[in-house]
Each structure stands twice: as C-alpha cells, then as structure tokens.
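1. Return atomic coordinates for the entry below.
(3 chains)
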Amino acid sequence: MKLLAPMFLLAILAATVLVPAFSPYPPDRQDPHAALQGPSWSHWLGTDPFGRDLASRLAAGASVSLAVGFAGTVVALAIGLAVGAAAGWKGGWVDAVLMRIVDTLYGLPFVFVAILATVMFRSIPPDRNPLVLLLGGSETRAQLVLLFVVLGAVQWLTPARIVRAEVQALRSAGYVEACRALGGSSAQALRQHVLPNLAGPVLAYAALMVPTMMLEESFLSFIGLGARDPQASWGTLLADGADTLNPAQFRWWLVVFPAAALSLTLLSLQSFAEGLRRAKPGRNP
Amino acid sequence: MAGFLAKRLLGGALVLLAIAFAVFFAARLAPGGPFDEERELPKDVRAALEARWHLHEPLPKQFAYFLGGLAKGDLGPSMRSLDWSVNEIVAASFPVSAALAALALAWAVPCGLWLGARAAVKPGGAADAAATGASLAGVALPSYVVAPVLVMVFALGLGALPPGGWGELRQVLLPAAALGLPVCAVVARLARAATRENLAKDYCRTARAKGLDERSVALNHALRNGLLPVLNYIGPATAAALTGSFAVEKVFAIPGLGGHFVNAALGRDFTLLVGVVLVYSALLVAVNIAVDVACAALDPRIREAL
Amino acid sequence: MRPAALLCAILALLAALSVAWSVKPPPEGGLTVAFGEDPRTLDPAHATLVLEGRVLAALLEGLTVPDPATLEPRPGAAESWSVSEDGRTWTFRLRADGRWSDGRPVTAEDFRWSWLRVMGSPEAANWELLKPVRGAEEYRAKKTSADAVGLRAPDDRTFVVELAQPTPYFLSLTSLMTCLPVPRPAVEAHGRLWTRPGHFVSNGPFVLDEWTPGARLVAVRNPKYHGAVSVALPAITFLSVPPGPAQFNLYEGGIARWVADPPPDLVRDLAGRADLHAAPRLGVSFVRAAADHAPFDRNAVRRAFDAAVDRARVVKTKGAGELPWRRFVPPGLPGYRGPEPAAPDARLLLERAGYPGGRGFPRTRLLYPAQKEFAVLAQALQGIWQESLGVTVILDRVDRREWARRRRALDYELCLSSWIGDYQDPNTFLEIFVSDSANNQTGWADAEYDTLVRRATGERGETRMATLAAAEARLLAEGPAIPLYVPVTIEIWDPRLRGISENLMGIHPLAGVGWGR
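-> A predicted model of the protein is given here:
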C-alpha cells in the first residue's frame, strides 16, 4: 500500500517515455476519419474532435504538466518561505511592509499578472529575448520557464501568509524563547526550532499546490500564455473535455481520463507528502 | 486593539491606492485597446471614442483624471457598455457575486473543518478516506468541470434544480456547491494536518488523561488550536470564491462580477477593469483585516504582540 | 470554533438577504430568450451587434420592417414608398396612425432628425451605412449644413431621401438598426441617459420596462403601437447569457425558450431535433494573407495556400453544418452569380514559387483569437497545410483585442477572420477589400479591383452584378483572402412558438412571434 504512490508516479513517468516510443500515433497527428471515437483497441483512450489519439496526448501532456506543477511549486514555496519567515520572525516594520506587498498582490487578480507577463515576453522578438537566449535559443523552453515564474510569482502569497502566522505563533512559544534566553542566536532558534515545525503545514499545502499549478496552467493556456496549440497538457485536455460536456452526447473519455490522471497524481503526491512528514517529524519540545 | 485596527485600515487604503495605480498602468501597457474591434471602426469614430475616455492623452494625465473621478467616488463610464457607468454595473452585479461567494463559504468552511477534524481522529479510517476523497475531488476537479457535471446530473438529469439563472434561492444552490467544493477541500486538508499536529501535543495528552474521549479532544482542543492556518486561508478562500466564480457564473449564467472582470480584462474595458479590481481588492483587504483580528482573538500570544 | 461559526452565520444571513433582494420573476405569459450578452447600448446610432439589432427592432420601428422569412422590406412606419426613374429619389409615405409610446405622432421630421443625428454623431460606428445619402459625408465633415443633406420632410407624413448614386440596396437599409427613428424630446431631455427604462420612448411593438446591466432586459407590449392588437406576446425578457453551453442548459431547463448562440458543435449531437435551427448566414469565414511582406507578398504563394485547403475536412472538424465555400461572396444574394473559382494544383504553385515540397518555406504564423471556435479551425488548418504543402505553420493564439490590433498593424502572415454582411448585396462583402477600406487589413491594394468596385456603384441591374462578379473574380485570382466556409447561425426555439423563420441575416421581428396551440 505504501509503495503504491511512488509506483504510480513512476508509472506516469514511464508512460511519458514509453507511449511516444511505442504508440503508432504521434500526439499531433490528425485523422479526420477517426474523430471523437470512444476507447477501442486501436485507440485505447479514444480520440478527440481532430481524431488525435488521447493516450498519446495524455502522455505528451504529462511532461508539460509535471514540469509546470513541480517547478512552479518550488518557486512559490521558496519565495513564500523566505517572505513569510522574515515577516513573522522580524515583526515590526519588516512585517508591515512585506504584508502590505502581499496584500497588494492578493488584490491583483491572476489573469492580470498573466496577461502582463505574456505581453512583456512577446514584445521582445525571440532572437533578442534574454530569456530565450539564456535557454539556448529555444522559444518553447523559454515559454515553459516563463510559466514556472509566472505561476510561482502568483502562488507564493498563500504559503507566505501561512508561514508567517506559524512563525508568529512559534516565536513566542516557550521553547523558542528559552532557546534565545539561553543565548542561542536568532538564526539558530529559527533553524532549530521554527523551521522544522513549519514542515507540516507547508508540506500539506505544497501537496495541493502541484495539481493547482497544473490547473492554473490550463487557464494560462486558454489566454495564450501556457502550452501552445496543438501542444497538450493535462489541464488543457481536461478543459477541452469539459467543454464538450452536454446532455445530448456524453463523451466521458475526454473528461474522465485527464481528470483521472490529475487526481491520481494528486493522491500519490499527497500520500508521498504524508510519508515524508512521518519519516522526518517536526521536533516538538 | 483600536490602534491596531486604525493602522490596518490606513494600510488597507494605501494598498487600494497602490492597486489602482498598478492596474491602471498595467492595463494600458497590454497591447490592443478597448476599441480594437473585430470589425474596424471608422477612423473618426475611433478617435471620438478614444477622446471620450482621454485615451489620446499622456498616461499621467489620464491617471490624474482617474484620481479626480475616484475622489468623487466616480469610476467613469464603461467602455463596453456605452450606456452605463462602472458604478452602476458594479452596483448591479456585486451583490450577486457576494451572495454566491458568501453562500459557498458558509457551507464549505464549517464542512471542511468538520471533515478535517474527523479525519484526524482516526487516520486511515472511513472519515479520513472521505476527507481525502473530498479534498481530492475538490482540488483535482476545477469548477469548470464540476459545474457542468452538476448541471447535467441535478438539473437536466434529475430535474431537481434549475440549470442556471438568477432570482430565487433554488437557483443558487448548485453554483454555491460548485464554488465551495475547492474551498472545502483545502480547509479539510489544512484542518486535518493542524489537528493531527496538535493531537500529539502535551495539552491534548492531558485532556485525554482527564478522561475526555478522542473526538472531544480533537474538536474542542486540537482543532481550536489548529485554526490559525485555516483562518489564514480564509482570505485567499474569499478571493478564490470571488474571482474563481468566473467559471461558475459562466456555466450557470449568473449575472455576477466575475464575468464582468474577465470580459473587462480580455476586452480592455479599462474603466470597468479598474472598478472591478478595486471592489475585489477592497473586499479582500477587509477580509484580511478581519482574519488578523480573529487570529488575535484566538491566540493570546498574537494579541499581546500587537 | 465559535468565531468561525459566527462568521459563517453572518455570511449565510447576508447571502440569503441579497438573494431575496435581487429580482422579480419574469412577466406571466411572456417569452424569455437568451440571445447573448447584454446589448452594449440601446442607442441606434451607436449599436452594431446582431443582438442589439434584435432588441432595438422590438422597441423601435423603421420605415420598413423585414419579412421574417424572405427579409424583403415590408411596410413599417411607412405605409408605402416610391422611387424616381433615375433611382436616386425615394419618397416614403408614413402611416397616419404611427404613435410614439408617449402619444406623440411619428412624423417625417422624426426620421430626418434621427438620420442626421447618426450622420453627425462622432461615435456612430455604423454611420457609413448612410453614406449613399446625398451630402452625408460633407455634413459629417461639417462642410455643409443639414439643409444641404438629401433628407427632406415636406409634410408630417412625407419623407424624401435623395441619394448620390442609384443604390439598389437602399431600401433594405431602411430596416437596419442604424436607420431606426429615435424619440427627439427624450434624447434632448436626457442626453446619454435617454436609453434608460422610464426615459426610453418607443414607436415599436414593445416598450422598455427594465434593464439591469449584465443581467437582463425586459420589454413589455406597447399599447400605443399601431399594430398592438396583433402583437401576441405581453412581454419579452432578454437574459444576458454569454454564448456557449449555458444557453443550451437554460433552454433544456425551461428557463429560456429561445436561444441564439448555443455551442456550435451541439449540432452534431442534436441532429434531427425539430427545435434546432441551423441556417446558413450571410457571411464568410476566411483567412487573411498579409500581402505586404514575405512570403505572402507573392501571388503564387497565396494561391497555393488557398488551393491546398480541403474545405470539406475543415467543415467536418467544425461540425456545425457549415457550407464549404471557395468564393468570397456567400450564396443566396438575389440576382448575383459569382465567378467559378479555379482549382489549381497547390503543390505545383508552391514549387513554382521556389519552394518544392515546402522546402525552404519560412515558418508561418497563423494568427487567431483565443476562442474555442477559432482554435478548432486553426488546428484543422495547421494540419491541412502541413500535410499537403510540407510547410511549418505555427499557431499564434492571442486575445481578441490583440488579434484586432495586430491585424490592423499587418503583424501576421495568416490571420483567421470572418465577415458578416450588413445588407443583401455583394457590395457589403466586396467593398472591404478596396485599397482605402479600413477593413482591408491585408496590405493588398489593386487598382483594377478598386476600379471595378467603384464602377459598380454607378451602375444598375445586371450590368452592375456582372461588374461585381468581375471584381470578385479578380479578388479570388489575387488571393489576399482565402475563403473557407459559409457559417451557420444556430438557434433553438420552443416548437410551440409561432412566427419565427430561419433567414440569412438572423433578423427576427418579434412583433409577430407568439405561442401557438
């Protein structure tokens, strides 16, 4: 039972490698004669309105989604931890300034930041774009990195608030005060007593953040910043599938398979996070 | 406490001003303007429309006009709905969104807390499985998937509830369910983690030693002390319920603010966009202040630190 | 636990209260429709959208009213009309019993004032529809006074229009929303606010009763309307519902009984249902090719891309019953016979242009707005061009405004576009590609084409149609626009409703609509 989660994640990774290698259908190949077919022997997971093979597209989408989900989460957690810990620990004007920035950014809706990022990226031609040059001239890769940055930049706010609240509470906890009273430096107290106690709530949140990132990416794709047509991600596949929902004809495979991929990945991540937490429990006094 | 509140309110006003500034300029930096239509407008008509909103003037001057209007509480006329002012549009649609979001939070937060606490009592038990399942569905299935499924099953399949529209309480139930689900999921998840963390602590052991059963310990002691992260999530949850209502409003044809917001952003209706964002922001700032006050009320250590 | 519980209780109370406040139920016996989002405006001078046209046609009555099925002009505010021998002077005789909803008679001066208002209003987006009237342009440019414009009202019931050129389609313009009369006293008293309920005075079958922006608009029967006895519906409620699944759900759930913009791919799944009406539209879906820069500055390249498109496959992917189309002017225009398009070999053309098998052809961007219908079309076209020509097409999806801006700036190679005709004449399609048209947006300028289109404005009858056909032939041979298909309007209405007909323009006069047995 315990091995199920990592095994599932491994299976997903294997599928991203194996399906393209063995599937007779490239993810972008259209076949107008095979449009909108349910699962069958020739197309295991069915086809979309263009007659593209859903299995191939899910496998291709996995790499985009996993990359975006993990990298975006790492970016968001890094910023959130730093800002939240600084604000909660230092208090005073540092806290006030940082939290006002957080409040301001909270008020700025996500669509907005996303559109702005697209614009700034697009306004520079690829041959002079620093991000593209940095990544060896690959526009596609640069776009993916931009996605991490945009998602992380938007999503660090909640971890920051959570971390700040925890740190604030811990700061006045007896054992932390005792550590300081015994002559421990501020940094020492922070490292030894506060940060380990953050692991629980932060990991709990992070496990949920990865799939959230994957879904937000589908929204970005919708406004033209995410994965480019006809490139797929789980989020875009799910959104496209949801769009075909109507009471007259239920094309369940277009919704169920992307949703299953997302939820099972989420489930695995969750139990993974749980396992991590158990293996390395917070050091309570 | 009063001084703290005054300080926060002043800070909130500054935040709103900063947001107004950011949105005003950022909107105008985006390529394409409000009058770039699918069918090109005659040149003179375009010029006349741009002149009406001062779009031909330098940005700082436009911002001055905007601040002048703002000081009088006037957000200006909408660029899409030519016959209405932003104030009127917001006044018509905000109560709708607010009611929907409030209803969604009203069921989702208590439900999430309860699920989370129950799950923490017996990890691996039935309640835990239910909570995990719910949070899984809530997070992995975005509202644009959940909402159409709800419509298909409860409205068109069973005929139990109307498939959309606005006007009576029956029409609000399905959208509130769809909107609240992700919030419920996250709250359950946070509450479970926090409760379990606290259940291992000494005071809970003491409570148990005094003969309290595990459920009471979890609900009355561990959850109460684990509320901080959950309370901190209420701010973002409100944001999610308000801005996230776009998909739900679209599926259920609800005349709320969410539709206006996305249409304004994608349609470059600058005046409406600034107006809607300011309303959202004002609400979020207020919620965050309320959350801080609640935190202080809940945790004496924070109260003393104020 | 207590503060949280308290908070929730307050929130729930607020919710219940604001729901209770919100709306009164739609009027009894009336009809609720969902035609799309809110009208942007109810001022005929500023209105441009199909939906606005529908609402306005319920509130105001033009000189003529289109026949629900054939769209032929029928008597409206005018009971009869005549045209002079040279086709330049139209005389309308207004009906004696025409009344505004405030009781004032509808006079010829009302029309003269309203039309002058459109010509003079700086924000009147569609004023160019009145360009055929003599002196309109000079009046708009403030070079002449109102008296010099070819609009006269010799008495209360006679309205005379003088045209600069004999304009065969002029009569069909008189029923368009831009040419509707507006209530002068209300406009002068309330300025921009005249379109509000309470201020709006109408001469049509319905009066404006309620308008909540972004939510709904209610029109109730106008007792002062000359044909009030034959207006079957006591009220119409227009819900503001964006195009898409929600419209269909509202219909299926019985909340709206007539919807105008359900998801187009529903047609595939609902085929055979009696309440589904898919009618070809007076429009064309096409691809603009930027003819001012490489690689589409070469005729052979444009035509290769044109010839390579398998329209049947495009239409099959779209799936709403669109009509594959190789010409620019859609079918169904009376008296017009378009040219026969040539079918050259696409690969051969591209080879002659120096790109055998697509080798060496630069990566080409296909610009389109972020809407599902366009995304489907773009991906289908990408597949077709890459397979048949061996070129690389990059899908360039941007939001709607940026799409329009980049199209105007010619910052694209290929661009998905569509055009919907304003009136039933080839001119409404062909005039957009003359070199000084604001809607050309391809960088293509052709003196021969301009001459042909101009020449047609002075001609009449068959000669004129032949000239226009020659112009279309020239357009197709040059290929700045690659036509794809004729779009369809998809509407679903309750089978019990009477008096609605499918037609080319999606125009539905609501006066004659009612519940049958």
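2. Now do stretch B:269-285: distance to the chain's middle.
-> 12 Å (C-alpha atoms, centre = their mean, to the nearest Å).
3. Any regions of the chain where pLDDT drops low?
-> Looking at chain A here, since you left the chain open. A:1-2, A:107, A:109-112, A:114-129, A:131, A:135-140, A:219, A:221-228, A:273-274, A:276-285 (pLDDT under 70).
4. Can you look at chain C instead?
-> C:1-22, C:517.
5. Any residues of it in contact with chain A? List them.
-> C:245, C:248, C:252, C:263, C:265-266, C:268-270, C:313, C:316-317, C:319, C:370, C:372, C:375-376, C:378-380, C:382-383, C:395, C:397-399 (C-beta under 8 Å from any C-beta of the partner chain). Using the backbone N, CA and C atoms, a C-beta is placed for each residue, glycine as well.
6. Filter the residues you listed down to just the ones in helices.
-> Within those, residues falling in helices by DSSP state H are C:245, C:248, C:252, C:266, C:268-270, C:313, C:316-317, C:372, C:375-376, C:378-380, C:382-383.
7. sorry, back to before: keep only those of the residues of chain C next to chain A that are also close to chain B.
-> C:245, C:252, C:370, C:399.
8. Determine which two of these are furthest apart.
-> Within those, two members stand farthest from each other by C-beta to C-beta: C:252 and C:399, at 30.7 Å.
9. Compare the two and say which is more crowded by neighbours.
-> residue C:399 (24 against 21; other C-beta atoms under 10 Å in any protein chain shown).
10. got the phi/psi numbers for the more buried one?
-> The phi and psi values for residue C:399, taken as degrees, to the nearest 10, are phi -80, psi 170.
11. Could you report the distance from it to residue B:218?
-> From residue C:399 across to residue B:218, the span is 49 Å (C-beta to C-beta, to the nearest Å).
12. Could you do residue C:373 as well?
-> Residue C:373 sits 52 Å away from residue B:218, going by C-beta to C-beta.
13. Same question for residue C:461.
-> Taking C-beta to C-beta as the measure, residue C:461 falls 89 Å from residue B:218.
14. what does residue C:53 give?
-> Residue C:53 sits 63 Å away from residue B:218, going by C-beta to C-beta.
15. Identify the residues contacting residue 134.
-> Since you didn't name a chain, this refers to chain A. Taking C-beta atoms under 8 Å, 6 or more residues apart in numbering or on different chains as the criterion, residue A:134 is in contact with residue A:142.
16. Hmm, no, I was thinking of chain B.
-> B:115, B:184-185, B:188.
17. What of residue A:205?
-> By C-beta under 8 Å, 6+ apart, the neighbours of residue A:205 are A:158-159, A:162, B:189-190.
18. most centrally placed residue in the chain?
-> I'll assume chain A. The centre of chain A sits closest to residue A:69, judged by C-alpha atoms, centre = their mean, with a distance of 2.5 Å.
19. try again with chain B
-> residue B:239 (2.4 Å).
20. Please look at that one and residue B:286 and confirm they touch.
-> No - here residue B:239 lies out of contact with residue B:286, judged by C-beta atoms under 8 Å, at a distance of 11.8 Å.
21. circling back: looking at residue C:53 and residue B:218, which is more packed in?
-> Here residue C:53 and residue B:218 are set side by side on neighbour count (other C-beta under 10 Å), and the busier one is residue B:218, at 27 against 22.
22. Which neighbouring elements make contact with the helix ranked longest in chain A?
-> Longest helix in chain A, counting residues (DSSP H): helix A:54-90. In terms of contacts (3 or more C-beta pairs under 8 Å, 6 or more residues apart in numbering or on different chains; DSSP states H and E), helix A:54-90 is packed against helix A:4-22, helix A:92-107, helix A:139-155, helix A:157-171, helix A:195-222, helix A:234-243, helix A:253-279.
23. Show me what stretch C:357-371 is in contact with.
-> A:222-224, B:266, C:287, C:294-295, C:347, C:350-351, C:354-355, C:374-375, C:377-378, C:381-382, C:389-400, C:403, C:406-407, C:412-416.
24. and stretch B:221-230, does that touch chain A?
-> Yes - interface with chain A: stretch B:221-230 contributes B:228-229 (C-beta under 8 Å from any C-beta).
25. Export that stretch to CSV, keeping only CA atoms.
-> Output of stretch B:221-230 as CSV, limited to C-alpha atoms (Å, rounded to 0.1, in the frame of the first residue of the first chain):
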residue,chain,number,x,y,z
HIS,B,221,-8.8,21.4,21.8
ALA,B,222,-6.7,20.3,18.9
LEU,B,223,-8.8,21.9,16.2
ARG,B,224,-9.3,25.1,18.1
ASN,B,225,-5.5,25.5,18.4
GLY,B,226,-5.0,24.4,14.8
LEU,B,227,-7.3,27.0,13.5
LEU,B,228,-4.6,29.6,12.7
PRO,B,229,-3.6,28.2,9.3
VAL,B,230,-7.2,27.7,8.4
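26. right, is it up against chain C?
-> Yes - part of stretch B:221-230 sits near chain C under the criterion C-beta under 8 Å from any C-beta, namely B:223-224, B:227, B:230.
27. residues touching residue 100, list them.
-> No chain specified, so I'll use chain A. Per C-beta under 8 Å, 6+ apart, neighbours of residue A:100: B:11, B:14-15.
28. Hmm, no, I was thinking of chain C.
-> Taking C-beta under 8 Å, 6+ apart, we find residue C:100 in contact with C:106, C:183, C:201-203, C:224.
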